[in-house]
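> Okay, sequence plus prediction incoming.
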Amino acid sequence: MKNKHILSNAALAAGLLAGASFASAQSPVPAPAAARTFKLGDFTVTTIRDAEFEAPNDAKIFGANAGPEAVGKVLAAADAPTDKITLSVDALLVKMPHHLVLLDTGLGPDAHGVLMDSLAKVGVSPADVTDVLITHSHGDHVGGLATADGKTAFPNAKVRMSTKEWAWMQSQAGAKSLVSAISSQVQTFEPGKQVLPGITPIAIDGHTPGHMGYEIVSKGHRLLDIGDTAHSSIVSLAKPDWTMGFDSDAAIGASSRRATLIRLSKTHELIFAPHFPFPGVGQIEAKGEGFNWRPDVPR
Ligand SMILES: [Zn+2]
């Protein structure tokens, strides 16, 4: 399949795809540029669409320890097709006084991500972005940091990620060109302390060595970008303990996924999930032994 071939090459060029990789395991589906804006206290928040993917239900990624039949039952119970798992790839834009912040950057131009077109829909050009916050360095989150010709895509931005994640990203042989494109802009941090007024990185362990969620708070209104704590709004929530093939530590990934979902189902806090159906904003509810997704975008 031609698209898949292009995507694989681009993903390899982005170079962050050792082992179970996001892009090479899945097929892209055409996704038009899209942006959805809402208010969070004094902040203006916009969900930015980059791409959409279908992963075959072959239990290589989802339910790797459960099998396709069990995964199919979960999909059927949600009235979803049982032969595939569909994921969005979205980023988040936060406009606050003195800062225009982008959380994650999508797959990048070589992989046909439409992030830049989606930003243009809300009048944002790459040079306007002052800060890029990275949840983790998988290709579907950092691929958009570089342009098609290998230059930095956000020339005026500080690129912030956890100390552990930057160390891990630099250790990936295939990430070399991306690392050199952004290295002069990178500022690392330790989780738990504000990186910008109203934005605090929260360690959510297991997906990658330095994977972060970001808590965004303005005037008592809050939103948690959960990064890749959960991928499928159906399978990852109904069966949070199932092995997720993209988690670098499957056991820790599963336990921190359940712990995070338990907490969110009690607080009813608004979350943004980059891989849930666009715009990926809503709340987690407890349901049976698992959880349920309740899409809910504030006005
Ligand atoms: Zn991802």
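Received the coordinates, thanks.

> What separation do you get for the residue lying farthest from the centre of the chain and residue 179?
Most distant residue from the mean C-alpha position of the chain: residue 69, 27.0 Å away (C-alpha atoms, centre = their mean). Noted for residue 69: a distance of 42 Å to residue 179, by C-beta to C-beta, to the nearest Å. Every C-beta, even on glycine, is put in place using the N, C-alpha and C of the backbone.

> Which positions in the stretch 51-200 of the chain make contact with the ion?
Proximity of the stretch 51-200 of the chain to the ion, by C-beta under 5 Å from the ion, involves residues residue 140.

> what about the helices in the stretch 51-200 of the chain?
Assigned by DSSP state H, counting those that start in this stretch, the helices in the stretch 51-200 of the chain fall at 68-77, 115-121, 139-142, 163-171, 176-182.

> Arrange those helices in a markdown table, one row each, with mean pLDDT as further columns.
Shown next, in a markdown table, are the helices of the stretch 51-200 of the chain (pLDDT from 0 to 100):
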| stretch | mean pLDDT |
| --- | --- |
| helix 68-77 | 96 |
| helix 115-121 | 98 |
| helix 139-142 | 95 |
| helix 163-171 | 97 |
| helix 176-182 | 95 |
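
> among these, which is nearest residue 130?
Across the helices of the stretch 51-200 of the chain, residue 130 has its closest neighbour in helix 115-121 (13.6 Å, C-beta to C-beta).

> in that closest one, what's buried?
Neighbour-count burial for helix 115-121, with 16 or more other C-beta atoms under 10 Å as criterion, is recorded at 115, 116, 118, 119, 121.

> Remind me what that helix packs against, helices and strands.
Judged by 3 or more C-beta pairs under 8 Å, 6 or more residues apart in numbering; DSSP states H and E, helix 115-121 is in contact with strand 35-40, strand 43-56.

> what's stretch 286-299 in contact with?
36, 38-40, 233-234, 237-240, 261-262, 265, 270, 276-277, 279, 281-285 (C-beta atoms under 8 Å, 6 or more residues apart in numbering).

> Average pLDDT for it, rounded please.
Stretch 286-299 comes out with an average pLDDT of 95.

> one step back: write a ChimeraX command that selects only the buried members of the contacts of stretch 286-299.
Only the buried entries of the contacts of stretch 286-299 go into this ChimeraX selection, using 16+ other C-beta under 10 Å:
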select :36,38,40,233,234,237,238,239,240,261,265,270,276,277,279,281,282,283,284
